[in-house]
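Undergrad: structure of the sequence below:
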Amino acid sequence: MAIIRIECKQEMTKPDKLSIKLEETSDKGRYYIPSENPQNEEAELTFRKSGKNTVVADHTGVPTRYRGQGIGLLLVKRLVDDARAKKIKIIPKCPFIAAMYAKHPEWADVMQGSPARH
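TA: Numbering: from 1, shown residues only. As a prediction, the model looks like this:
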């Protein structure tokens with residue numbers, strides 16, 4: 001899950017310059033974008049593990065002031081890239097992730113189910 005924390009006075013870093021981090025335990029994880037200011041909201045994508053070869057992507061959150069900048073899509077792309085590298089499948093339970101899958105049929109190799117079903 002990625003979380004972005006930025007002071008209101010600062011402009012957001014360009015999406016291609018953001019560093020997405022992964023926090024993971026034995027049963028869940030999140031991609032997030034670390035922030036220098038813990039007072040601000042972060043963007044994140046959360047998932048839970050479902051067996052050895054599957055994760056359930058259940059939430060993507062991007063603060064309102066950062067929406068429309070491609071941050072959510074960057075988080076999903078990182079999840080997809082990591083799933084390919086680890087040879088695991090993603091169950092897209094989050095509506096945003098399912099919508100992105102519908103726009104990116106090339107992710108079918110790591111997504112469980114068809115884009116139309118989500």
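Undergrad: and V110, how many neighbours does it have?
TA: Using other C-beta atoms under 10 Å, V110 is surrounded by 20 other residues. (Each C-beta comes from the backbone N, C-alpha and C, glycine too.)
Undergrad: okay but it is in contact with A85, surely?
TA: No: using C-beta atoms under 8 Å, V110 is not in contact with A85, being 9.8 Å away.
Undergrad: okay, now the unreliable bits of the chain?
TA: 1-17, 36-37, 116-118 (pLDDT under 70).
Undergrad: what's the single longest strand in it?
TA: Counting residues, the longest strand in the chain under DSSP state E turns out to be strand 54-61.
Undergrad: could I get the buried residue list for the helix or strand following it?
TA: Later in the chain than strand 54-61, the nearest helix or strand by DSSP states H and E is helix 71-86. For helix 71-86, burial by neighbour count (16 or more other C-beta atoms under 10 Å) applies to I71, G72, L73, L74, L75, V76, K77, R78, L79, V80, D82, A83.
Undergrad: now do the helix or strand following helix 71-86: everything it contacts.
TA: From helix 71-86 onward toward the C-terminus, using DSSP H and E, the following helix or strand is strand 89-92. Defining contact as C-beta atoms under 8 Å, 6 or more residues apart in numbering, one finds that strand 89-92 is touched by 47, 50, 53-57, 79-80, 83, 97-98, 101, 110-113, 118.
Undergrad: stretch 99-108 too?
TA: Outside stretch 99-108, the residues touching it (C-beta under 8 Å, 6+ apart) are G72, L73, V76, V80, P92, M111, S114, P115, A116, H118.
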